[in-house]
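Undergrad: Output the structure for:
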Amino acid sequence: MDALIYSPCPSHPVNAGNRQMIYQIGKYMQSVGYIVHFVYCTFEGLSKEQYDQMRGQWDYFDVIVKSPSQPGHPTMGDVYAKDDWYQPDVGDFLLWKVSEFNIRLVLFNYIFQSKALELLPQHVRKLLLTHDRMSDRHKLFDLHGIQREFFYTTTEEEGAALRRADEIIAVQAGESEFFQSVCNRPVHVLRQFFPPRLDVARQSFQLRRIGFLGSNNLINSESIRTFATLFRQHQIIGLPLTLAIAGGVCDAIRDLAGNGIEIMGRVARLEDFYRSVDLVINPMMFGTGLK
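TA: Take a look at the predicted model:
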């Protein structure tokens, strides 16, 4: 059995939530007998190391180079239409791929290039993994005074994009209900599933290190900045308490280092990071998808 995963997000390195989900689903598909064709459009770039990692993980690995004109500009006032980020060679390549290899299942990631699904034959089962709710996403950024990031659109446009798929995958129940209401397609909730990373081995608890781990995006960086400000405002003189921050988010907040805040950067093993802290926090101010 052949299946295709299309993604504008790479599967490697597996150091962000969307990458984790794509990777875990792909490996599950392989474990139950699918030959997985992974097609990556280079929205997040592609290094030789990434290429080698992904080529080694998937049965087939193909690359579509992102057009220099993408992402496009909003064509609906200050929000994107559903196809503003679409580039035609995505649909052309997927059509060739499913025809040449007799692929019967396509897992498509995100809605903003979903026009490609309209080109695929009816016998191909088309699943769309949402990752995030894109409707009115820009309003969350505006509300918190943060520069808009990534894709955002209207409810009507998101519903039209979702209806291009046969079935929808959401990452939490609340968003599942919303997607069902706007697209009238079967919606399945598939929460992210990871191997255990945290050992509960301490016999006594002393709060000395608070830990935050996040990838490099504006929601993560602005949220931990806000938390760091509060952390310093409420520091108790003489109490040896450290806020340890790890992951790609450190690239955007290195100026916070010092005065009780440790910027660790990327860590080789998540287990080692979790063992090094007493308390893990998730201080997200807002967001869609699974936080």
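Undergrad: Now do the strands in the stretch 1-150 of the chain.
TA: Remark: strands assigned in the stretch 1-150 of the chain by DSSP state E, counting those that start in this stretch are 2-7, 35-41, 60-64, 105-109, 125-129.
Undergrad: Tabulate these (JSON lines), appending mean neighbour count.
TA: (C-beta placed from N, C-alpha, C; glycine too.) Listed next are the strands of the stretch 1-150 of the chain as JSON lines, based on neighbours: other C-beta atoms under 10 Å:
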{"stretch": "strand 2-7", "mean neighbour count": "23"}
{"stretch": "strand 35-41", "mean neighbour count": "22"}
{"stretch": "strand 60-64", "mean neighbour count": "17"}
{"stretch": "strand 105-109", "mean neighbour count": "23"}
{"stretch": "strand 125-129", "mean neighbour count": "21"}
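Undergrad: want to throw those into a markdown table with distance to residue 170?
TA: Formatted as a markdown table, the strands of the stretch 1-150 of the chain follow (distance: least, C-beta to C-beta, whole Å):
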| stretch | distance to residue 170 |
| --- | --- |
| strand 2-7 | 17 |
| strand 35-41 | 22 |
| strand 60-64 | 26 |
| strand 105-109 | 13 |
| strand 125-129 | 9 |
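Undergrad: Can I get those in TSV including mean pLDDT and distance to residue 81?
TA: Shown next, in TSV, are those (pLDDT from 0 to 100; distance: least, C-beta to C-beta, whole Å):
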stretch	mean pLDDT	distance to residue 81
strand 2-7	98	20
strand 35-41	98	19
strand 60-64	98	21
strand 105-109	98	18
strand 125-129	97	17
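Undergrad: closest to residue 74 out of the ones you listed?
TA: Counting by C-beta to C-beta, residue 74 lies closest to strand 35-41 out of these; the figure is 20.1 Å.
Undergrad: Excluding chain neighbours, what is closest to residue 216?
TA: Nearest non-adjacent residue to residue 216, counting by C-beta to C-beta, 6 or more residues apart in numbering: residue 248, 3.7 Å away.
Undergrad: Tell me both backbone torsions, phi and psi, for that neighbour.
TA: Main-chain dihedrals, residue 248, degrees, to the nearest 10: phi -60, psi -20.
Undergrad: for the one 5 residues further on, same thing?
TA: Backbone torsions for residue 253, taken as degrees, to the nearest 10, come to phi -130, psi 20.
Undergrad: What is the neighbour count of it?
TA: 19 (other C-beta atoms under 10 Å).
Undergrad: Residue 142 too?
TA: Neighbour tally, residue 142, other C-beta under 10 Å: 12.
Undergrad: Kindly provide the distance from the residue lying farthest from the centre of the chain to residue 120.
TA: Largest separation from the mean C-alpha position in the chain: residue 238, at 39.9 Å (C-alpha atoms, centre = their mean). Distance, residue 238 to residue 120, using C-beta to C-beta, to the nearest Å: 64 Å.
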